[in-house]
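Peer 1: fold the stuff below for me.
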Amino acid sequence: MPRPTSKSELLTRSQANYEKLIDYVEALAPKEQAAEFKPGTLNRNIRDVLAHLHHWHVMFLSWYEVGMSGEKPDMPAKGYTWKTMPDLNHWVWEKYRSTPLASAKTSLNKSFKQVQAIISRHTDEELFTKKKYKWTGSTSLGQYLVSNTSSHYDWALKLIKRGRKIN
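Peer 2: Numbers count the residues shown, from 1 in each chain. So this is what the prediction gives:
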């Protein structure tokens, strides 16, 4: 499916992919929700995946706040580069690995709503014009949002489904 290129597509796709992810998780029995994935993934269970999504929302919210104030945000995070994302994702996993699943769900839902509110308050032009904001570099605000919402939720659902498969 092509990436959203308008505000309405982004809102619709991010909401739909988020709901698909949450509905899939909620349809599982509590024991299945807490089960460990097959070996070989950094995110070892559903909680890890949901916490990962939440933290990437939090990072985006920080980038947005700093960037829209005219400053240059640390992207993806202070001390990390896009090339060191695996190290950053490992740090995220470490940070949340003791978080209860219920807390991860609540945090994700809250940060999802915050990100959706940002999408809602911008026009198509503000979202999808490349180089509109200095802090987004050569891309658009919308592309950061697509990567942090609809595409990320799709990745998460696939990861959960793959992780649950028995070897």
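Peer 1: can you give me phi and psi for E36?
Peer 2: Per-residue torsions, E36: phi -80, psi 150 (degrees, to the nearest 10).
Peer 1: please look at it and I46 and confirm they touch.
Peer 2: No. With contacts counted by CB atoms under 8 Å, E36 stays clear of I46, the gap being 9.8 Å. C-beta here means a position set from N, CA and C on the backbone, and glycine is covered the same way.
Peer 1: the helix ranked longest in the chain: how far from the chain's middle?
Peer 2: Ranked by residue count, the top helix of the chain under DSSP state H comes out as helix 46-68. In terms of CA atoms, centre = their mean, to the nearest Å, the centre of helix 46-68 is found 6 Å from the chain centre.
Peer 1: quick check: next helix or strand after that helix?
Peer 2: Toward the C-terminal end, the helix or strand that comes next after helix 46-68 (DSSP states H and E) is helix 85-96.
Peer 1: quick check: buried residues in that following helix?
Peer 2: Within helix 85-96, the residues scored as buried using 16 or more other CB atoms under 10 Å are L88, N89, V92, W93, Y96.
Peer 1: surely the last one touches D48?
Peer 2: Yes. Under the criterion of CB under 8 Å, Y96 is in contact with D48, at a separation of 7.0 Å.
Peer 1: anything in contact with each of those two?
Peer 2: Common neighbours of Y96 and D48 (criterion: CB atoms under 8 Å, 6 or more residues apart in numbering): none identified.
Peer 1: follow-up on the earlier one: a markdown table please, covering the buried residues of helix 85-96 and showing distance to K72 and pLDDT.
Peer 2: Putting these into a markdown table (distance: CB to CB, whole Å; pLDDT from 0 to 100) gives the following:
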| residue | distance to K72 | pLDDT |
| --- | --- | --- |
| L88 | 18 | 97 |
| N89 | 22 | 97 |
| V92 | 22 | 97 |
| W93 | 27 | 96 |
| Y96 | 27 | 97 |
